[in-house]
Every structure is written in C-alpha cells, then in structure tokens.
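Participant: Need coordinates for the below:
(chains A and B)
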Amino acid sequence: NAGVMQNPRHLVRRRGQEARLRCSPMKGHSHVYWYRQLPEEGLKFMVYLQKENIIDESGMPKERFSAEFPKEGPSILRIQQVVRGDSAAYFCASTPGQGNTDTQYFGPGTRLTVL
Amino acid sequence: GNSVTQMEGPVTLSEEAFLTINCTYTATGYPSLFWYVQYPGEGLQLLLKATKADDKGSNKGFEATYRKETTSFHLEKGSVQVSDSAVYFCALSSGAGSYQLTFGKGTKLSVIP
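Facilitator: Modelled structure (predicted):
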C-alpha cells in the first residue's frame, strides 16, 4: 500500500514565479491536510480539504496561496508570485476519515527554495 | 487556542542512556496526543499516540502517558541507540474545527556511540 506521495521533492523558483506542489493521499484516504515547516520550526497548519471541498483554510495566508483537491487527481497547493519568505518545506498528510483520534500520515515533503 | 510546548534542544546522549523529552499542552475539549519523529530530509512518521487520559502509547521502546491532570505527554525511552537520532515533535489534535495537528517546535536528539 503506497504511502502519501508528494512531488516534486525539491522545487526552486525565482521571486515572482508560481509554485505548484502536488500531494497524492494514501489509497482509501479522502482527507488531506497541508502544513508548512519553516527552518528550525515545527509544522504549522495551512488548510484541510476533502474531495472537491475546502473545509478549513484558517491557516492559509490571505493572498497568493490557494489549494484544491479535485474529484480526480492529486491535491495541489499553489503559491503565486513567490517571495523569499515562502522558502520552506511543505508537507501534506492524509487520513481516512475525520476525527481527532485519526492518525495523519505524512508525505516526504516538498522543499521550496525561492531565489 | 491550542498550543504545545516541548523542551528545547538539542539533546545529546550517549548510547544506552535514558531519554526524556518533556511535552505539555493547552487545548480545548479532549485532545488526542501524538509523538512524531522526523529523520533528516524526510517527512514525519508517527511514533506513538494516546487518545484519552491515562492512555499509554508505546512503540519501538518509546512510551508516553497522557496525563490530563498535568496536561503532559512526556516521551521516554530506557536505552537510546544511535539510530534514534532525529527530531521529535509532540502534537495534539482537538475536537475543535478540522482536527488539524498543533505541533511543538521539535527537539533534536543526537545519540553518540
């Protein structure tokens, strides 16, 4: 059973470009979370999605960031007009259902570097 | 709001030493508590979890007990190995909102032979 997959693993962008990060949840999981990890910091929640629905985006920056989880295909985190402060590791996690006892399974992350 | 505080690192231990990493939390409702481990350049792996008061989570020689009275979930291992060198994150998930995880800042453990 394949785990959570993320690609690319490393992404380099220049200021002002767009970054697209992809996450394929574990088989049978329909809930996806995105987190951001700044250097030497813990992970911070960004957004929670189910198929075709954004459930909670309270952790997303108000501008330039968006996320989707279409009926078919991976979840995508999109960052428009990237700035140096966006450089971080972005992790997604998936769960089979919704509940605070459910384990979130993490992907290997995408490390974004903005030049 | 929810928050997790864990001991500052880095922590350096000799092989076979006893490990304790302290973790305390503030949360609404009845949270579940987790320890995740992150090896260099990798994602997070669940180490153990506890979903209600007095539960003990354990895995690979690590254990932690959910203490509601002290709002703590300290991680312990009796005899660490070099392969345990990693960053350890304490986290909670509460019933408020979307059950997202709230993480501590992480504690880097280095075990030397």
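Participant: which residue ranges form the strands in the chain?
Facilitator: Since you didn't name a chain, this refers to chain A. Ranges of strands in chain A, per DSSP state E, are A:5-7, A:10-13, A:19-24, A:31-37, A:43-50, A:53-56, A:65-68, A:75-79, A:88-95, A:105-106, A:110-114.
Participant: wrong one, I was asking about chain B
Facilitator: B:3-6, B:11-14, B:19-21, B:23-26, B:32-38, B:44-50, B:56-59, B:62-65, B:75-77, B:86-93, B:101-103, B:107-112.
Participant: Now the strands of chain A in CSV, please, with extra columns for mean neighbour count, mean pLDDT and distance to chain B.
Facilitator: In this view, the C-beta of every residue, glycine as well, is placed from N, C-alpha and C. Output for the strands of chain A, formatted as CSV (neighbours: other Cβ atoms under 10 Å in any protein chain shown; pLDDT from 0 to 100; distance: least, Cβ to the nearest Cβ, whole Å):
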stretch, mean neighbour count, mean pLDDT, distance to chain B
strand A:5-7, 17, 96, 8
strand A:10-13, 15, 98, 10
strand A:19-24, 20, 98, 11
strand A:31-37, 24, 94, 6
strand A:43-50, 22, 94, 4
strand A:53-56, 14, 92, 4
strand A:65-68, 18, 97, 13
strand A:75-79, 20, 98, 14
strand A:88-95, 24, 94, 6
strand A:105-106, 22, 92, 4
strand A:110-114, 18, 96, 8
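Participant: Dump the strands of chain B into CSV; add mean pLDDT and distance to chain A as well.
Facilitator: Output for the strands of chain B, formatted as CSV (pLDDT from 0 to 100; distance: least, Cβ to the nearest Cβ, whole Å):
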stretch, mean pLDDT, distance to chain A
strand B:3-6, 94, 8
strand B:11-14, 97, 15
strand B:19-21, 97, 13
strand B:23-26, 96, 12
strand B:32-38, 94, 5
strand B:44-50, 94, 4
strand B:56-59, 96, 11
strand B:62-65, 98, 15
strand B:75-77, 98, 15
strand B:86-93, 94, 4
strand B:101-103, 92, 4
strand B:107-112, 96, 9
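Participant: and the closest residue to residue A:31 other than its chain neighbours, what is it in contact with?
Facilitator: Once flanking residues are discounted, residue A:31 sits nearest to residue A:95: 4.7 Å by Cβ to Cβ, 6 or more residues apart in numbering or on different chains. By Cβ atoms under 8 Å, 6 or more residues apart in numbering or on different chains, residue A:95 lies in contact with A:29, A:31, A:33, A:102, A:103, A:104, A:105.
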